[in-house]
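1. Sequence first, then the predicted structure, then my questions.
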Amino acid sequence: MFLYELSVEPVHRNRGIGTALVRSLADLAHTRGCYGMWVGTEPDNAAALATYRAAGASPPEPFMSLEWRFDPATGGEQ
């Protein structure tokens, strides 16, 4: 299962809502036969890291991330 993005409205943060959402998704993924779940975030995003760790995530083995960037004006690569 891939968790693409998680957001909680600022006025509702620090109440465990994000953690509960992530745990629920992990439970759903497990019951549907997924063998794991992953999410990407920036290394300095302390709030995201705290939420994911509180929901039971641990750092995976190191990996390399690659990207393609496209110029929206031309539709081609930059």
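-> Thanks, I have it.
2. Which strands and helices lie in contact with the helix or strand of the chain with the lowest mean pLDDT?
-> Least confident element among the helices and strands of the chain, by mean pLDDT, DSSP states H and E: helix 46-54 (a mean of 94). Helix 46-54 is packed against helix 17-31, with contacts defined by 3 or more C-beta pairs under 8 Å, 6 or more residues apart in numbering; DSSP states H and E. For every residue, glycine as well, the C-beta is placed using N, CA and C.
3. Please work out the average pLDDT along the helix it packs on.
-> Helix 17-31 comes out with an average pLDDT of 96.
4. how far is it from where the chain is centred?
-> Distance of helix 17-31 from the chain centroid (C-alpha atoms, centre = their mean, to the nearest Å) equals 12 Å.
5. now stretch 65-78
-> For stretch 65-78 - counting by C-alpha atoms, centre = their mean - the centre lies 23 Å from the chain centre.
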